[in-house]
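Need the 3D shape of this:
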Amino acid sequence: MGKNLGKYPLTNNEYAVMEYIWKEPGIPAAEVEAKLRANGKDFGKNFYNYLNHCIEKGALARRDPGYHCCPLIDKSEASHKAASFVAERFSNGSRMTLIETLVRKGPISKEEAEKLKLVIDSMKEDDK
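Presented below is the predicted three-dimensional model:
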């Protein structure tokens with residue numbers, strides 16, 4: 001996919017809409033809205049606003065007839081954009097400060113600590 005999401009990440013409601021589109025690329029907008037309602041999220045008139053915001057951000061394309069929703073980015077790209085935005089806004093762009101804040105919030109399991117160590121070791125500049 002690989003399209004740039006723009007300056008701002010998806011909001012929580014835009015992300016909720018995209019969840020169904022990632023699961024079923026090409027799904028009609030009406031089906032997305034019905035699935036959201038069935039799961040307790042009734043956005044009412046705002047639903048199509050959220051779709052339009054996703055289109056404006058480059059996350060979604062609309063295909064007619066039938067307003068079929070096709071993702072232009074994958075879920076991992078949306079998550080990466082959100083994490084980068086949070087790091088920039090709350091940690092002056094420092095990934096280390098963000099990670100420290102998250103890890104020091106409370107205890108992590110041995111398994112999580114090992115995974116974190118593997119990620120950090122794989123990113124070291126000396127190893128490249």
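
Determine the longest helix present in this structure.
helix 75-91 (DSSP state H).

Give me the angle between the lowest-mean-pLDDT helix or strand in the chain and helix 75-91.
Each helix and strand of the chain was given a mean pLDDT (mean pLDDT, DSSP states H and E); the minimum falls on helix 95-103 at a mean of 81. The directions of helix 95-103 and helix 75-91 differ by 90 degrees, with axes from the mean of the first three to the mean of the last three C-alpha atoms, to 10 degrees as the criterion.

What residues sit buried inside helix 95-103?
Using 16 or more other C-beta atoms under 10 Å as the test for burial, helix 95-103 gives residue 98. C-betas here are computed from N, CA, C, even on glycine.

State the distance from the residue most central in space within the chain to residue 110.
When the chain is reduced to its mean C-alpha position, the closest residue under C-alpha atoms, centre = their mean turns out to be residue 78, at 3.0 Å. Computed as C-beta to C-beta, to the nearest Å, the residue 78 to residue 110 distance reads 30 Å.

What of residue 28?
For residue 28, the distance to residue 110 - C-beta to C-beta - is 46 Å.

Next: residue 57.
Distance of residue 57 to residue 110, computed by C-beta to C-beta: 39 Å.

higher neighbour count, these two?
More neighbours sit around residue 57 than around the other of residue 57 and residue 110, counting by other C-beta atoms under 10 Å; the figures are 22 against 7.
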